[in-house]
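Colleague: okay, structure incoming, though there's no sequence with it:
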């Protein structure tokens with residue numbers, strides 16, 4: 001429709017002799033025609049190309065944000081478990097203090113009553129609790145280190161953002177140097 005109107009306007013201008021046909025005018029008409037044809041033919045292609053690029057960037061950001069949301073939810077769960085663990089440690093500490101005071105009270109009774117068998121049993125029980133307590137602390141520390149390692153690997157491998165990929169590559173290079 002635009003092209004048809006342009007052609008009619010052009011024919012009217014020529015028939016009324018509003019313009020003289022010299023070389024500059026013919027070059028101007030050729031250039032305007034070229035620009036018009038190019039914009040009509042390539043306009044949709046360029047528009048579609050840019051829309052595809054914006055959709056790709058948008059999808060990449062949405063995927064990254066969803067991955068970050070999932071990591072934050074997991075971190076929240078881990079933090080809640082850590083709070084519960086702290087409460088358990090507090091309870092364990094109270095029990096351990098109570099047990100120690102009871103143990104020393106029994107020790108005084110032993111020294112007064114010369115009950116060697118009872119003292120040895122309590123000492124063995126205390127030693128066993130200390131070993132179990134040490135094992136528990138080591139296991140909890142190893143679990144926390146493992147979770148931190150998994151989070152670092154996740155940020156380096158799963159996210160589509162270049163900065164995390166660069167950090168992951170730097171960590172890999174440091175590990176290779178250590179080897």
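Modeller: Yes, it's here. Treat the numbers as computed from the prediction; the structure is a model and nothing was measured.
Colleague: where in the chain is pLDDT low?
Modeller: Within the chain, the stretches with pLDDT under 70 are 1-2, 17-21, 110, 113-119, 152, 155-165, 167-168, 171, 175, 179.
Colleague: so where's the longest helix in it?
Modeller: helix 23-113 (DSSP state H).
Colleague: after that helix, which helix or strand is next?
Modeller: As assigned by DSSP states H and E, the chain's next helix or strand after helix 23-113 is helix 116-157.
Colleague: and that following helix, what other elements does it pack with?
Modeller: For helix 116-157, the contact count by 3 or more Cβ pairs under 8 Å, 6 or more residues apart in numbering; DSSP states H and E identifies helix 23-113, helix 162-178 as packing neighbours. Using the backbone N, CA and C atoms, a C-beta is placed for each residue, glycine as well.
Colleague: got the angle between it and helix 23-113?
Modeller: With axes from the mean of the first three to the mean of the last three Cα atoms, to 10 degrees applied, the angle from helix 116-157 to helix 23-113 works out at 180 degrees.
Colleague: chain center to helix 116-157: distance?
Modeller: The chain centre lies 30 Å from the centre of helix 116-157; the measure is Cα atoms, centre = their mean, to the nearest Å.
Colleague: out of the helices and strands packed on helix 116-157, nearest to residue 137?
Modeller: helix 23-113 (8.9 Å; Cβ to Cβ).
Colleague: name the helices or strands packed onto the closest one?
Modeller: Applying 3+ Cβ pairs under 8 Å, 6+ apart, we find helix 23-113 packed against helix 2-15, helix 116-157.
Colleague: residue 33 and residue 149, how far apart?
Modeller: Computed as Cβ to Cβ, to the nearest Å, the residue 33 to residue 149 distance reads 66 Å.
Colleague: format the helices and strands packed on helix 23-113 as JSON lines; extra columns: mean neighbour count.
Modeller: As requested, the helices and strands packed on helix 23-113 are exported to JSON lines (neighbours: other Cβ atoms under 10 Å):
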{"stretch": "helix 2-15", "mean neighbour count": "10"}
{"stretch": "helix 116-157", "mean neighbour count": "12"}
